[in-house]
Structures are given as C-alpha cells and as structure tokens.
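[1] next comes the sequence, and after it the predicted model I'd like to discuss.
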Amino acid sequence: MKIIGVIAEYNPFHLGHKYQIDKIKELYPDSIIIAIVSTNFTERGEISILNKWDKAEICLDNNIDIVVELPTLYATQASDMFAYGSINILNNLGIDTLIFGSESDNVSDLELLADTQLHNSKYDKLVKMYLDKGINYPTAMSKALYDLTNKMISEPNDLLALSYIKEIKRNNYNIEPISIKRTNDYHSKDINNEILPASLIRELYRNNKDISKYVPKSTQKCLNKPINDNDIYNYLLYIITLYSENLGDYLTVDEGIHNRIIKSIRNSHDLDELINKIKTKRYTYNKIKRMLIHILLGIKKEDNNYDTYLRIMGFNKRGRKYLNSIKKNMGIPVFDGYKPNVSNVLDIEFKSTCVYALITNNKDLIEREYKYKPIIK
C-alpha cells in the first residue's frame, strides 16, 4: 500500500484537482492519500476564496483520506520555503510517494535540475551574476539552470515540483516523486473547457460569473460572497501608514523596497494599482503580493524559523486507521486547539485566521481555532 502525499492550495478545489485525485485512485487503488493544504492565504500572496475548514470538507468529499494544515508561514512564501514546510510535514506523516501536477511531466529532467542546484558549484555564481543585472530571482534561476544543463524551466508547477524534489534530495527522504501532466495551460483564458486553471476560475467567480461547470458540487455549496484581493487594501493602507518606519522588519520586505511601498501607497487607490506602482524587473507581481500579505499578517523576518507542527483538519475511516498506526512515531509537535505561546508558527496561523475572519466577516472561524475538532467522514 502506497502512502501518497499531495500538496495543494485548492483555491478553489476544481475539476482538474478532482481529475488528479481520481487518477491517483485509479493508479493506486489501495493507497492512502494525504493532502497538505494551504489555509487562509496562498503562495501567490492571495486571500483564499474558501476557508480552511471548507477546503478540508471538500477534500474528504473527493476521495482524499487525510487533510492536514500547511501553516501560513510556509504557505505564503516562495517555492523553496513552501516546499520545506510541505515536505517536512508529509515526511513526518510517513508518505513514500509524492504526486504533483507538472507542465513538462518529466521527473528525470526535474531531478537533474535539482541535483544541479544542490551540487554544481557554478550554479549560485550564475544566479548572482543574473541578479546583479537586475533580473528577478525566478528568471535568474531559470537562466542559470539552462546554462548548466540546457534544460529550460519556467512554468509555475514545474518550478514548484523542482523545489519539492530538491527538498526530498537535500534531506534524503525516502519519497518517490511522481508527476501527473497538467490537463490545461496555467495561463489559459479559454472558458470552453471543463477543466480551467484555478486562477481563471477565481477571476470568473470574483466577476460574479457562473463557475458551476468547472467545480464539483462539494465546492459549489461552500462558495458564498466572492472575496476580492482589494478587500485587504484598506487594512494595508492603515498598517503601512501606521508602521512605515518598521516596514523593513517584515518578512520578504527587502531593504530599500519599503520606501517604494510607502511612496506607492500614498498615490494608489486599490491593491492592483499599488502592486503595479511597486513592481520592477527584480520584484515580480507575486513577490510583492507576498510582501504585502506578510505586512498584513504582521509576520516579521525574525519569525521565519524552521519549526513545523501537525494539525489534522479531517480524515475518513481509512485515514483514521492509518493515523492510529503512526501516531507514536511523530517527529514534530501535534496540536489540537489553539494555545498561545506554545509555537511561534502556530501563533502566526492563529493571527492569520483572525485577519481572515475579519476580512470575510466570519468570526466563527476564530472560535473554531480554540475549539478545534477534525472533520470526520
């Protein structure tokens, strides 16, 4: 029996995600599928259109056996730290297989690129050379790898997959990476297919378009009033104005960029305008969104430690049986309800829920942190 890990944001869970899970069940019918899922905010610096409890419920309704929380500290960072948190927790849950979507669908090439990053002494020098030319990090990384391997990597899911494989190799985890080819183009705007990229589904949903043909019924029933990224703009305006002298203390806010943030917010009217005023060749749209989320949530550079924890969001009967079999072998803390000051990473998660509850006007989510109880199917 394989113990399979899946790393996801499910923002929202759509028919492409369902295809992936169904494909895993078809290929490995006796497997246990464990999904580690971003909670309130995502790797691209966006607010999730579904809360984490609804995500867990949807996962369990679609053949996932165990759903665990990916802490906000890792869920809102670039691919390497995103991968660190995800793979570390999944390894402690005993997975032997990691399955992910990929544009290239070529694990051998991804492993070659990961080995190059880890072991080729020329790699870091080339990345620095390109960064010194004012190129952003993802492009500098891609150019350096192409120079050394003649392999091109630029698509978002390939880049995430590369970080997953690199994390597995760096720690010698006994985890086999397996790719399932993406069924659509991440950047596609074609709404005539049944399977659309999550970004396009979010765009349609926020523009009050019908998305029922693109998501399973379990997702449909959890969708309420659309959440817009601009819902956070006034909060950011308040925080940046109040704490302008300390902006450089926040996670991912590099020295010098904080002055650009302060200047730009004085002359902007919404989040998109603010980001475009800050954006440069070096600072991509998504990188700036992550900075702003860290400012919004009060996450400081000093908070960026390597602690992890385990919180089970939900499980079915098969999942419960597996969890009972491994519960004595956990190498990281296991938390139930929220208690302050027992884990810095958990404190950040609680703050994230409080901010999310404020923005979405759903204060019940805060109480649920204290009265934590996994969903059982």
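    All right, it came through fine.
[2] please enumerate the strands of the stretch 151-300 of the chain.
    176-181 (DSSP state E, counting those that start in this stretch).
[3] pLDDT below threshold where in the stretch 151-300 of the chain?
    The stretch 151-300 of the chain contains residues with pLDDT under 70 at 183-192.
[4] one more pass at 80, please.
    For the stretch 151-300 of the chain, the stretches with pLDDT under 80 are 182-194, 225-230.
[5] helix or strand: which one has R44?
    Using DSSP states H and E, R44 sits within no helix or strand.
[6] for it, what are its contacts?
    Counting by CB atoms under 8 Å, 6 or more residues apart in numbering, R44 touches 286, 289-290. Yep, even glycine has a C-beta here, placed from its N, CA and C like the rest.
[7] can you check the pLDDT for it?
    The per-residue pLDDT reported for R44 equals 92.
[8] quick one, domains of the protein?
    Annotated domains of the chain cover 3-104+157-227+306-376, 106-154, 229-303 [automatic domain parsing].
[9] got the end-to-end distance for the longest one?
    Same thing as domain 3-104+157-227+306-376. Terminal residues of domain 3-104+157-227+306-376 are spaced 19 Å apart (CA to CA, to the nearest Å).
[10] please name the nearest non-neighbouring residue to G16.
    Leaving out its chain neighbours, the residue that sits closest to G16 by CB to CB, 6 or more residues apart in numbering is I195, at 4.4 Å.
[11] that neighbour and G101: what is the separation?
    Counting by CB to CB, to the nearest Å, the separation of I195 from G101 is 11 Å.
[12] more neighbours: these two, which one.
    For the pair I195 and G101, the greater number of neighbours falls to G101 (23 against 16), based on other CB atoms under 10 Å.
[13] tell me the secondary structure at V68.
    Here V68 is strand, with the state taken from DSSP: H, G, I helix; E, B strand; the rest coil.
[14] could you measure from the nearest residue to it once chain neighbours are set aside over to D210?
    Of all residues not flanking V68 in the chain, I36 sits nearest, at 4.9 Å (CB to CB, 6+ apart). Relative to D210, I36 is positioned 31 Å away (CB to CB).
[15] more neighbours, the two?
    Neighbours per residue (other CB under 10 Å) separate I36 from D210, with I36 holding more: 26 against 8.
[16] you'd agree that one is in a helix?
    No - I36 is assigned strand when assessed by three-state DSSP, not a helix.
[17] what's the distance between it and A8?
    7 Å.
[18] returning to what we had before: quick one, phi psi at the residue nearest to G16?
    Here is the backbone geometry of I195 (degrees, to the nearest 10): phi -100, psi 110.
[19] of the contacts of R44, closest to Y173?
    Checking the contacts of R44 against Y173 with CB to CB, the nearest one is R290 at 26.0 Å.
[20] who's in contact with the nearest residue to that closest one once chain neighbours are set aside?
    Counting by CB to CB, 6+ apart, R290 lies nearest to G45, which is 4.1 Å off, once chain neighbours are set aside. Neighbour list for G45: 76, 286-293 [criterion: CB under 8 Å, 6+ apart].
[21] max pairwise distance over those: which two?
    The largest separation in the contacts of G45, counting by CB to CB, is between T76 and I288 at 12.7 Å.
[22] these two: who's more crowded?
    Each of T76 and I288 has its neighbours counted (other CB under 10 Å); T76 has more, 31 against 24.
[23] next up, phi/psi of that one, please.
    phi -100, psi 20.
[24] follow-up on the earlier one: distance check, the residue nearest to G16 against K217.
    Relative to K217, I195 is positioned 16 Å away (CB to CB).
[25] where do the helices sit along the stretch 51-200 of the chain?
    52-61, 72-75, 79-92, 107-119, 121-132, 137-149, 156-171, 198-206 (DSSP state H, counting those that start in this stretch).
[26] nearest to E245, of those helices?
    Among the helices of the stretch 51-200 of the chain, the nearest to E245 by CB to CB is helix 72-75 (24.1 Å).
[27] then the closest one to PDB, C-alphas only?
    Extracted in PDB, the C-alpha atoms of helix 72-75 (Å, rounded to 0.1, in the frame of the first residue of the first chain):
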ATOM      1  CA  THR A  72       0.600  30.200   6.800                       C
ATOM      2  CA  LEU A  73       4.300  30.900   7.500                       C
ATOM      3  CA  TYR A  74       5.200  28.400   4.700                       C
ATOM      4  CA  ALA A  75       2.100  28.700   2.600                       C
END
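[28] give the other helices and strands that that helix contacts.
    Where contact means 3 or more CB pairs under 8 Å, 6 or more residues apart in numbering; DSSP states H and E, helix 72-75 is packed against helix 79-92, helix 344-360.
[29] is it true that L346 touches D336?
    No - using CB atoms under 8 Å as the test, L346 is too far from D336 to be in contact (10.8 Å).
[30] neighbour-wise, which of these two wins?
    Neighbour count, other CB under 10 Å: between L346 and D336, L346 has more, with 23 against 12.
[31] ok, the closest residue to K339 other than its chain neighbours - contacts?
    Distances taken as CB to CB, 6+ apart place L346 nearest to K339, at 7.9 Å, with adjacent residues excluded. By CB under 8 Å, 6+ apart, the contact set of L346 is 71, 309, 335, 338-339.
[32] out of the residues you listed, which end up buried?
    Neighbour-count burial (16 or more other CB atoms under 10 Å) applied to these gives 71, 309, 335, 338.
[33] turn those residues into JSON lines, columns for distance to L200 and pLDDT.
    Formatted as JSON lines, the buried ones among the contacts of L346 follow (distance: CB to CB, whole Å; pLDDT from 0 to 100):
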{"residue": "P71", "distance to L200": "28", "pLDDT": "97"}
{"residue": "Y309", "distance to L200": "34", "pLDDT": "96"}
{"residue": "F335", "distance to L200": "35", "pLDDT": "94"}
{"residue": "Y338", "distance to L200": "35", "pLDDT": "93"}
